[in-house]
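Colleague: next one to model:
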Amino acid sequence: MAMRQSIFILLFALLLSACSNKDATPQQWEYTIVSFPGSKLPTVYSPNDKEALIELSNSQPLNFPEASAIPNSLNLYGKDGWELVSAYTTVETVFPNFGDASYHTGMKDNTRTNTINFVFKRIKQKGK
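Modeller: Down below sits the predicted model:
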């Protein structure tokens, strides 16, 4: 009986010592943000249509011509060990010109998304 008790205590002590990890350092992470800015101009436009360009640049939602490249860009970061942890947009305020009646009539939204941002993290490389 005493032998069984001694073996049990010895195994329990070994189990406890295996579970403690005093030398472990906390996990270190590095972060990066990849941004895709919007364009005030559509993908197809006439540079001679000044009035349309003013209207587009001041009040319309922005175009994201690189939108088709976003999945490929995200995959490249994934191949380098980056993990996507968040995505957010930045919004800009667009003030209408109330002094010109031909420019705007009535109330319109005056904000629009101007950048799509992706936040990545990966385990910090030793020596960096």
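Colleague: strand partners (parallel or antiparallel) of the longest strand seen in the chain?
Modeller: Taking DSSP state E as the criterion, the chain has its longest strand at strand 111-123. Using DSSP bridges, strand 111-123 pairs in its sheet with strand 29-37 (antiparallel), strand 83-93 (antiparallel).
Colleague: could I get these as CSV with distance to residue 124, mean neighbour count and mean pLDDT?
Modeller: For glycine as for every other residue, the C-beta is placed from the backbone atoms N, C-alpha and C. Shown next, in CSV, are the strands paired with strand 111-123 (distance: least, Cβ to Cβ, whole Å; neighbours: other Cβ atoms under 10 Å; pLDDT from 0 to 100):
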stretch, distance to residue 124, mean neighbour count, mean pLDDT
strand 29-37, 5, 13, 90
strand 83-93, 13, 12, 90
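Colleague: in TSV: those, plus distance to residue 125.
Modeller: Output for the strands paired with strand 111-123, formatted as TSV (distance: least, Cβ to Cβ, whole Å):
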stretch	distance to residue 125
strand 29-37	8
strand 83-93	14
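Colleague: which among those strands is found nearest to residue 5?
Modeller: strand 29-37 (46.1 Å; Cβ to Cβ).
Colleague: dump the C-alpha coordinates for the top helix by length along the chain into CSV.
Modeller: In the chain, with assignment by DSSP state H, the single longest helix is helix 2-19. Provided in CSV are the C-alpha atoms of helix 2-19 (Å, rounded to 0.1, in the frame of the first residue of the first chain):
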residue,chain,number,x,y,z
ALA,A,2,2.8,2.4,0.9
MET,A,3,4.5,1.5,-2.4
ARG,A,4,1.4,2.4,-4.4
GLN,A,5,1.0,5.7,-2.5
SER,A,6,4.7,6.6,-3.2
ILE,A,7,4.3,5.8,-6.9
PHE,A,8,1.1,7.8,-7.1
ILE,A,9,2.8,10.8,-5.4
LEU,A,10,5.8,10.5,-7.7
LEU,A,11,3.6,10.4,-10.8
PHE,A,12,1.5,13.3,-9.6
ALA,A,13,4.7,15.4,-9.0
LEU,A,14,6.0,14.5,-12.5
LEU,A,15,2.6,15.6,-13.9
LEU,A,16,2.7,18.9,-12.1
SER,A,17,6.3,19.6,-13.1
ALA,A,18,5.5,18.8,-16.8
CYS,A,19,2.6,21.3,-16.7
